[in-house]
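Student: Compute the structure for the input listed below.
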Amino acid sequence: MSTKPQVKIIKRNSQPAKAIDKSAETEARSARTAARKMVSNVSNWVTEFQQNRSEETKDAFNNLFAAPDGCANC
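Tutor: Down below sits the predicted model:
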C-alpha cells in the first residue's frame, strides 16, 4: 500500500489571498445603481399617475353633485 495520504490538507492562512477584481465589483455596483434609478423613476411615474387620477376623480365627483349655475333655491 501507498504511504502517501490521499487527501492533501491545506491550512487556510497558507494560501495566498485571491486578488479581487475591482472592475467587476465596480460594474456590479454601477448596474445596481442604474437599476435603482430606473425603479425610482417608474415609482415616481406611478405615484404621479395615481395622484392625478385621484384629483380628476375628486373634481368629477364635485362637478356631478354641484348645484347648477343660476339655481338660487337649490
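
Student: Show me the shaky parts of this structure.
Tutor: 1-2, 5, 14-21, 67-74 (pLDDT under 70).

Student: the helices in it, which residues?
Tutor: Ranges of helices within the chain are 22-64, based on DSSP state H.

Student: burial measure for residue 41, as a count.
Tutor: The burial metric for residue 41, expressed as a neighbour count using other Cβ atoms under 10 Å, is 10. No exception for glycine: its C-beta is placed from N, CA and C like everyone else's.

Student: For residue 32, see how far away it is.
Tutor: With distances defined as Cβ to Cβ, to the nearest Å, the gap from residue 41 to residue 32 amounts to 15 Å.

Student: How about residue 57?
Tutor: Taking Cβ to Cβ as the measure, residue 57 falls 37 Å from residue 32.

Student: ditto for residue 22
Tutor: Separation of residue 22 from residue 32 (Cβ to Cβ) stands at 16 Å.

Student: now do residue 13
Tutor: When Cβ to Cβ is applied, the distance between residue 13 and residue 32 equals 32 Å.

Student: These two: which is more packed in?
Tutor: For the pair residue 13 and residue 32, the greater number of neighbours falls to residue 32 (10 against 6), based on other Cβ under 10 Å.
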